[in-house]
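K.L.:
What follows is a protein structure lacking sequence information:
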């Protein structure tokens, strides 16, 4: 098998096109690949459709940078900070330009990705019944349950197959086999539904390490297109067992992005003037190291021996 | 929280009724709770509906013992041995009595359990199209995909909610929190779909052991009704990391169950004359110990520390 | 013991959770309320977090989001969003807690758009899991600050369904259970009453009056037949809360 | 080197797998064929097992079922059945391998009932995952012993869909891809040919003749236009197989 290692710049340049439907993190609040968000902005990608139940401030930054045509998601804002100022400006004032949203709940979006992953014609969901999400998202359709004797409306959610999913993992081998732990959000569904998967690995390990715990794998290496070794790719979001959340960074972003000028200065400082994620880590300096999880609360071993 | 520990006899007597829809193992070939199969026969349960994609010879034994009214499943036989002689006799000769089968494929059964677990009105599946399974199972229904512009038939599989699922696990705490590793079959879907879950734990551990690896958990303790400490409950099937497969036992069963008389003698020897699973283990003696997996191929630790 | 309005609100919410219940827990106030309930009258309540976590015990440290590392350590189950929201849809969740920008007299919640959704005056973050929780939990608790612009006659957009248009309309929409059981504010607790399921004033917090609550409400708020003052926090409740909030964030 | 008919059949099946393909592997002959393919021309083929395992490397020991401990050790992914059969339905699987009791001239396979399903002469085990694999893999390979009672004009029950009634009937049933690409027997390889997709004799194994194959077939088996003798196993193929079968089970 050939190794799939690439730099973040190479991987995104080769595999993300203007107009693509892209997942940037699928683990809800943790494990958001901000490093990829920043690099897509540097590369000037345009007209992206961002697909995610929740990608914290990542989506707000991309919207502010003018990279987004549409959001297919359940929630956009700044989870620990408040509303997403760029998201609001795009809707309320058309700054930098208007965007479209396909409203979902977390469940309908997760089920849409599951339907994409597993070749289902649609996912039947009950939990949007009565919600105006059914009115504002033209893709959702209500039918009467054909198996029921009484009236029983069901929402049919069409499958979602992103062009690219960028998925941070704690460790991967060069062939795309990876371990992911902690809460899983819709990581499995997103990775299996996407046409291409780009892993951002905190650590690159020998294939034997991954093979020594196959239940820790969420999707197989054969669906992975590129493996990027990029420590702290999730900063300022947390990574289970590795990085704490940089709450002050989210708060600073929230405060500065309140005005368009403030956001532009923030973007210049943290994205445009920073050549790559190595420089970003250097810029964070001891602040990053202070976020490193130092205690060890280790999983007990399990045995996979064949005899 | 109150501990849920019970003996196998107590747990099955308290929680399985004649006529129940029951899952006896959901991991396909490994982790089949033969100890529960035997005990249900000893307790004289009748009219059971056995739900499982594949439960190896367990279903064949139950059918031969006259406990089964219906099989809702994808495969019944003796995986390493051949056809299921009792299953054949029941269909072909009405011995000990006729039974009904609701034919499924592994996927349609897994999706039916998923639909039961997740409150879905039905599971849409494509992989039975054209198959006579659609004709012999009256519960399956074909509709045209309401989201498609062109003809696009889809099979709707109704949800399955078993009354009881008996699930072997490598380790559990007294409250029903458990670790399960190796291939997972439809264990998660079955446990989450069932009204009651009875765990057969190879080992009982402190709650802290389970809490030290929450990703190794397939379903939460609050869905578990009873926890039974019963080593080798899966014999003769294998348990990942613990027991090898007793191939000779399956072959012996296959050879002896070829005739009704042979089966009855086998049943007397291994089930009816054996008071409980402790006696069964003692009867197996060194043969059981020889099946114990002795090598250690351990998973590498992962860190869950919060700071 | 002196306490803040926020503390009172958290404790009032905690009282809505019964022991052994399975609770879908939201961030901020709900997580504190869940912690207080567990530490007082509901030691065996189970908490579900839609990012994919289940906990029997409170997290070891301060949480800004439900996926923060302290919530991972010692979790009872770390799984996916579909599994947990699936269990919710399957009817396994007793209580769900959500916040919102607007709630109306039938307990519907808006977290999506103020004004016309096609050209909103304010674009809010959206549902997250709130629509699912509102639709599928056996009881919905809404926590919101009590202001006229927030407690409105009719929300501009129903993100999360309460009793919809009142009466049997929720059931007619296909939702077979649940609905808003209580709206807990910094002034009062409102509960649906009567066949119309309109929210009524069920209890007013210490330091306020029914009239003051009515003045802060965007519809003609009627008195629940069993309306009474909210009992003040007990020593035990406050002590439990302050153990969970050692830095006094909510004080 | 001398070899058995079974060995020849396994090697013929191995040749159907291309490098880097994703293969749904059944037990017994298919798992041996997959191992031979990996050890010779397809080192990067990936094996999927419906119990929930994915492997890049052969198992460390003899397997009687796909869930046996040697198949767990060193697996690339240990997951659920729905995940793997879901990927299959999603179109991620290139080749599926199944066996059967009967196969007919359009490559449909029966593993359920001989005779009337309501009162069968023989009750067979059923589909397992075979129906899913037949419906959803991009190519289906069927492995079966060549007997007139097994290669029949029309199966009594279509468990696993091949080309159904021939022509476009598979597509009309709603299956957009796949179908039986080859039936590999101990005497020959049959492949669909022409717009009718009827199975034709594509190659006959060393030691047999087209006439002998036709005599053992339950329909009027026609010759594929490119029919030829099956090349005998190479030294490398046999060596690979025997490394996987040190006890000579298939010899």
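P.N.:
Great, that's in hand. Bear in mind the structure is a predicted one, so any value in this text is a computation, not a measurement. Numbers count the residues shown, from 1 in each chain, chains lettered A, B, ... in the order given.

K.L.:
Who are the packing partners of the worst-scoring helix or strand of chain C on mean pLDDT?
P.N.:
The weakest-scoring helix or strand in chain C, judged by mean pLDDT, DSSP states H and E, is helix C:29-39 (a mean of 91). Identification of packing neighbours for helix C:29-39 by 3 or more CB pairs under 8 Å, 6 or more residues apart in numbering or on different chains; DSSP states H and E yields helix C:5-14, strand C:46-49, strand C:95-99, strand C:139-143, helix C:235-244. (Glycine included, C-beta is placed from N, CA and C.)

K.L.:
Tell me what angle that helix forms with strand C:139-143.
P.N.:
120 degrees (axes from the mean of the first three to the mean of the last three CA atoms, to 10 degrees).

K.L.:
List of residues touching helix C:29-39?
P.N.:
C:6, C:9-11, C:13-17, C:23, C:25, C:45, C:47, C:57-58, C:63, C:66, C:97-99, C:141, C:143, C:237, C:240-241, C:243-245, C:250 (CB atoms under 8 Å, 6 or more residues apart in numbering or on different chains).

K.L.:
hey, which of the helices and strands packed on helix C:29-39 is tucked in deepest?
P.N.:
Highest mean neighbour count among these (mean count of other CB atoms under 10 Å in any protein chain shown): strand C:46-49, with a mean of 28.

K.L.:
Need the mean per-residue confidence for that strand.
P.N.:
Taken as a whole, strand C:46-49 has an average pLDDT of 96.

K.L.:
That one and chain B, any residue contact?
P.N.:
Yes. Residues of strand C:46-49 contacting chain B under CB under 8 Å from any CB of the partner chain: residue C:46.

K.L.:
That strand pairs with which strands, parallel or anti?
P.N.:
Strand pairing for strand C:46-49, using DSSP bridges, gives strand C:22-24 (parallel), strand C:53-55 (antiparallel).

K.L.:
Kindly reformat these as JSON lines containing mean pLDDT.
P.N.:
What follows is the strands paired with strand C:46-49, written out as JSON lines (pLDDT from 0 to 100):
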{"stretch": "strand C:22-24", "mean pLDDT": "96"}
{"stretch": "strand C:53-55", "mean pLDDT": "97"}
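
K.L.:
what residues are up against residue A:114?
P.N.:
So residue A:114 contacts A:120, A:123, A:186, A:189, A:193, C:82, D:86 (CB under 8 Å, 6+ apart).

K.L.:
Near chain B, list only the ones from those residues.
P.N.:
Within these, those near chain B by CB under 8 Å from any CB are A:120, A:123, C:82, D:86.

K.L.:
for the second one, what are its contacts?
P.N.:
Listed by CB under 8 Å, 6+ apart, the contact set of residue A:123 reads A:108, A:111, A:112, A:114, A:115, A:156, A:157, A:159, B:124.

K.L.:
Same question for the third one.
P.N.:
Residue C:82 is in contact with A:107, A:110, A:111, A:114, A:186, A:189, B:118, counting by CB under 8 Å, 6+ apart.

K.L.:
Out of these, which end up buried?
P.N.:
Using 16 or more other CB atoms under 10 Å in any protein chain shown as the burial test, these include A:107, A:110, A:111, A:114, A:186, A:189, B:118 as buried.

K.L.:
Quickly name whichever of those residues is closest to chain D.
P.N.:
residue A:114 (7.9 Å; CB to the nearest CB).

K.L.:
Can I take it that that closest one is in a helix?
P.N.:
Yes. Checked against DSSP: H, G, I helix; E, B strand; the rest coil, residue A:114 lies within a helix.

K.L.:
Residue C:92 versus that one, what's the distance?
P.N.:
Using CB to CB, to the nearest Å, residue A:114 is found at 19 Å from residue C:92.

K.L.:
and what of residue A:42?
P.N.:
45 Å.

K.L.:
Which one of those two is surrounded by more residues?
P.N.:
Set side by side, residue A:42 and residue C:92 show more neighbours around residue C:92, with 22 against 15, by other CB atoms under 10 Å in any protein chain shown.

K.L.:
now the more buried one: how far from residue C:21?
P.N.:
Counting by CB to CB, the gap from residue C:92 to residue C:21 is 11 Å.

K.L.:
got it, and residue A:153?
P.N.:
Distance from residue A:153 to residue C:21, by CB to CB: 28 Å.

K.L.:
and the residue of chain C most remote from its centre, bridged to which residues?
P.N.:
The outermost residue of chain C relative to its centre, with distances by CA atoms, centre = their mean, is residue C:119 at 28.6 Å. For residue C:119, the beta-bridge partners are residue C:116 (DSSP bridges).

K.L.:
Residue C:222 too?
P.N.:
Under the criterion used (DSSP bridges), residue C:222 bridges to residue C:200.

K.L.:
ok, back up a step: now the least confident helix or strand of chain C and helix C:235-244, what's the angle there?
P.N.:
Using the same axes, to 10 degrees: helix C:29-39 against helix C:235-244 is 120 degrees.

K.L.:
could you check the angle helix C:5-14 makes with helix C:29-39?
P.N.:
60 degrees.

K.L.:
residues near the residue nearest to residue A:104 when sequence neighbours are not counted, how many?
P.N.:
Once flanking residues are discounted, residue A:104 sits nearest to residue A:74: 4.7 Å by CB to CB, 6 or more residues apart in numbering or on different chains. Residue A:74: 28 surrounding residues under other CB under 10 Å.
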